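# I'll drop the sequence and a predicted model, then ask my questions.
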Amino acid sequence: GIVAYTRTSAMEGSTVTVTDSLTLEKAAPVCWYWLCAEKPVVEENTLRSVSIFTVCYFATILLTTLLISLDNFSFATSFTAALTCISNVGPGLDMVGPSGNFSAFSPLSKLVLSACMVIGRLEIFPILVLFSRSAWRRA
């Protein structure tokens, strides 16, 4: 068997000693997955989907930041404007902070930020499926 837990204690002033041992002879296979790594904790398809989503999310933020930076605003303004639009979380920093707004941006930047808001609200995967050629083919 496998000893999973051992405790020894002695009471002061007496001769009593207590020893507890827990021995596991057979355990359910589910209990051992995280120890033995026989089966991954997270499926590979799930990891791939999360990785694709993360890459697309940050690529969208990067592309939006680069397009907005054409207006010659500070990095804090451009980055947080892109971040706040895709995340739909409210104000950003600097010019788009709590006391600012998006009125100083060019029409192109406003269009890009609006598209970023739609992408953030609908999530990235439905937008990718919308522009996917295989989604529009008839099976």
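It's in. Because the structure is a prediction, the values reported are computed rather than measured.

# Next up, the contacts around Leu67.
By C-beta atoms under 8 Å, 6 or more residues apart in numbering, the contact set of Leu67 is 108-109, 112. C-beta here means a position set from N, CA and C on the backbone, and glycine is covered the same way.

# now do Leu128
Cys56.

# so what pLDDT did it get?
pLDDT, Leu128: 77.

# part of a helix, is it?
Yes - Leu128: assigned to a helix according to DSSP: H, G, I helix; E, B strand; the rest coil.

# And the pLDDT at Cys36?
pLDDT, read off for Cys36, is 51.

# Next: Arg137.
79.

# circling back to that earlier point, list just the nearest of the contacts of Leu67 to Asp94.
Among those, Ser109 lies closest to Asp94 (C-beta to C-beta), at 14.4 Å.

# From Arg121, how far off is the closest one?
Plainly put, Ser109 is 18 Å away from Arg121 if you go by C-beta to C-beta, to the nearest Å.

# Buried by neighbour count, from the contacts of Leu67: which ones?
Buried subset of those (neighbour count, 16 or more other C-beta atoms under 10 Å): 109, 112.

# Using a markdown table, please lay out the contacts of Leu67 together with secondary structure.
Listed next are the contacts of Leu67 as a markdown table, based on three-state DSSP:
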| residue | secondary structure |
| --- | --- |
| Leu108 | helix |
| Ser109 | helix |
| Val112 | helix |
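
# so where is this protein shaky, pLDDT-wise?
1-40, 138-139 (pLDDT under 70).

# go with 80
1-43, 125, 127-132, 134-139 (pLDDT under 80).

# and the longest helix for it?
helix 44-68 (DSSP state H).
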